[in-house]
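Chemist: After the sequence you'll find the predicted model.
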Amino acid sequence: MSNRDAAYKVVRRLRKEGYEALFAGGCVRDRLLGRCAHDYDVVTDAVPEQVTKCFKRTLQIGAQFGVVMVLTEGKQVEVATFRTEGGYQDGRHPGHVEFASAVEDASRRDFTVNGMFFDPIEKKVLDFVEGQNDLEKRILRTIGDPDERFSEDYLRMLRAVRFAVKLDFTIEPQTWTSIQKHAGKITGISAERIAAELEQILTHPGRALGVQLLIDSGLAAAVFESYQGQAAAFGISVLEYLPKAVDFPLALAAFWAGFETKAVLAECRKLKLSNDHLKHVRFLLEKRNVLLDAEMPISKLKLLLHEPYFWDLLTFQTAIQNAKNASTDTLETIQQRAEAMPEEAIRPKPLLNGHELIALGAAAGPMVGQLAQEMYIAQLEGQLKNKQAAEQWCQNWLEKHKSC
Ligand code: ATP
Ligand code: MG
């Protein structure tokens, strides 16, 4: 059963109990655009307690905000009671929610194209905010006065850029002017919410346009003070040359391609990225230009291939070269060499282990580590074919190091 079928079933059940129930928000917009919607949100006039009584399995995750998760056919359908949100004091959290009518629920939503409902039984769109009009014109416009709507929740400014990119819509002039006016206030929003929007913008194929909008609106410089000028412009060019589908850390490295690694890591830490993402971004930025060495020893290439992010590095460097209008010949050679290498040649088991090196006379401690590393490089270079050869090589090494 699809997400839509599950949501349809939930609507039918609520209607059977005498409640109003409709699809809302993004799924209505996407359906009208002929796009595939992933989440189907249901809205209803039933309050959470009543919703819970209609279904066998529910989760009370946000009942105080009027949201109940219905579990059906292995799917989760979010069912929200029509509500208004009010009392925004800090430009990010509604002070209270009140159950309300469908019209009021539509007007608390951010953009007209996100404010429509769909009745899947009558197959009718319910549009109280002129969303269909803007959808036809491919315009993103706040519902009501943009200054007021952004002041309620400044994250909506980043959401505007996200939807402009995702839908390939133009931001309506008054909405745009208002974003430029309030951009500085994005700093009041939590790092996690900012990072989640940035991830959606940067992982979308329209990411270069998205970053241009972030710069032009003043949002980029508000979030990352240093993100301006030539260095930022270079980031946009690198983003333009990434393949369509890339993950967040690679896109983020491209975004920062014009900046020093250390400064970038400080900015990324502010975003509270996960350690995995930080490690990934760091690797890509630190290893910039390493793959441009046409004479790279085979052992070095193999050690790079041990890294989980090797192929991202190749993609990243290729985008950098293209952005600079520089040759990618070396990268193509490296790619061919890497692709031709069998796994056992890339990561062979070391011919000798630590105990064996100590038995040969290496002192326990840093010496074993160094010997093991150098022997492994010789092995990766193809100089050592078997254990005896490795032992001989290590004995020579130990001789040399004793005499030093
Ligand atoms: P996507 O397909 O990218 O998930 P979406 O429209 O479903 O797009 P969500 O962030 O999942 O976007 O939000 C669902 C709906 O809830 C929106 O369409 C909008 O009507 C409303 N909404 C979400 N966040 C806000 C907000 N900060 N302010 C006002 N309305 C919001
Ligand atoms: Mg959604």
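Modeler: Structure's in. What do you need? Ligands and ions are numbered 1, 2, ... in the order given.
Chemist: And the nearest residue to residue 231 once chain neighbours are set aside, how far from residue 269?
Modeler: Excluding the flanking residues, the one nearest residue 231 by CB to CB, 6 or more residues apart in numbering is residue 258, at 3.4 Å. Heads up, the C-betas are built off the backbone N, CA and C, glycines and all. Note on residue 258: its distance to residue 269, by CB to CB, to the nearest Å, is 19 Å.
Chemist: Show the contacting residues for residue 97.
Modeler: By CB atoms under 8 Å, 6 or more residues apart in numbering, the residues touching residue 97 are 64, 65, 66, 83, 84, 85, 86.
Chemist: out of the residues you listed, which one sits closest to residue 183?
Modeler: Of all these, residue 183 sits closest to residue 85, with 22.8 Å by CB to CB.
Chemist: quick one: the closest one and residue 108 touch, right?
Modeler: Yes - the pair residue 85 / residue 108 is scored as a contact, 5.0 Å apart, by CB atoms under 8 Å.
Chemist: Rebuild the contacts of residue 97 as TSV, extending it with distance to ligand 1 and secondary structure.
Modeler: Formatted as TSV, the contacts of residue 97 follow (distance: CB to the nearest ligand atom, whole Å; DSSP: H, G, I helix; E, B strand; the rest coil):
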residue	distance to ligand 1	secondary structure
64	17	helix
65	12	helix
66	12	coil
83	11	strand
84	11	strand
85	8	strand
86	13	strand
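Chemist: filter these to the buried ones?
Modeler: 66, 83, 85 (16 or more other CB atoms under 10 Å).
Chemist: Next, residue 71: phi, psi?
Modeler: phi -100, psi 120 (degrees, to the nearest 10).
Chemist: Ignoring the adjacent residues along the chain, who's closest to it?
Modeler: That would be residue 57: by CB to CB, 6+ apart, it lies 4.1 Å from residue 71.
Chemist: my guess is residue 291 meets residue 312, correct?
Modeler: No - in this structure, residue 291 is not within contact of residue 312 by CB under 8 Å, at 11.3 Å.
Chemist: okay, now whatever residue of the stretch 301-404 of the chain ends up closest to ligand 2: neighbour count?
Modeler: With CB to the ion as the measure, residue 312 is the residue of the stretch 301-404 of the chain nearest to ligand 2, at 27.5 Å. When neighbours are counted by other CB atoms under 10 Å, residue 312 registers 20.
Chemist: and if you look at the one 10 residues further on?
Modeler: A count of neighbours around residue 322, defined by other CB under 10 Å, yields 16.
Chemist: mind checking the SS state of residue 42?
Modeler: strand (DSSP: H, G, I helix; E, B strand; the rest coil).
Chemist: Check the gap between the nearest residue to it once chain neighbours are set aside and residue 62 for me.
Modeler: Excluding the flanking residues, the one nearest residue 42 by CB to CB, 6+ apart is residue 79, at 4.6 Å. According to CB to CB, residue 79 and residue 62 sit 10 Å apart.
Chemist: And the residue of the stretch 251-400 of the chain that's closest to ligand 2?
Modeler: residue 251 (20.4 Å).
Chemist: give me every residue that touches that residue.
Modeler: If you count contacts by CB under 8 Å, 6+ apart, then residue 251 has 202, 203, 207, 239, 242 around it.
Chemist: again, 10 Å this time
Modeler: Residues counted as contacts of residue 251 (CB atoms under 10 Å, 6 or more residues apart in numbering) are 198-199, 201-204, 207, 211, 238-239, 242, 281, 316.
Chemist: in what helix or strand does it lie?
Modeler: Here residue 251, judged by DSSP states H and E, is contained in helix 248-255.
Chemist: Which SSE is immediately downstream of that helix?
Modeler: That would be, after helix 248-255 and using DSSP H and E, helix 261-270.
Chemist: Direction-wise, compare that following helix with helix 248-255 and give the angle.
Modeler: Put simply, helix 261-270 runs at 130 degrees to helix 248-255, going by axes from the mean of the first three to the mean of the last three CA atoms, to 10 degrees.
Chemist: Contacts for helix 261-270, please.
Modeler: 191, 194-195, 223-227, 231, 249, 252-253, 255-260, 273, 277-278, 281-288.
Chemist: For PyMOL, write a command that selects the buried ones of those residues.
Modeler: Selection of buried members from these for PyMOL, criterion 16+ other CB under 10 Å:
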select buried, resi 194+195+223+224+226+227+249+252+253+255+256+257+258+259+273+277+278+281+282+283+284+285+287
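Chemist: count of neighbours near the residue in the stretch 151-300 of the chain positioned nearest to ligand 1?
Modeler: For the stretch 151-300 of the chain and ligand 1, the shortest gap (CB to the nearest ligand atom) falls at residue 153, measuring 4.7 Å. Using other CB under 10 Å, residue 153 is surrounded by 19 other residues.
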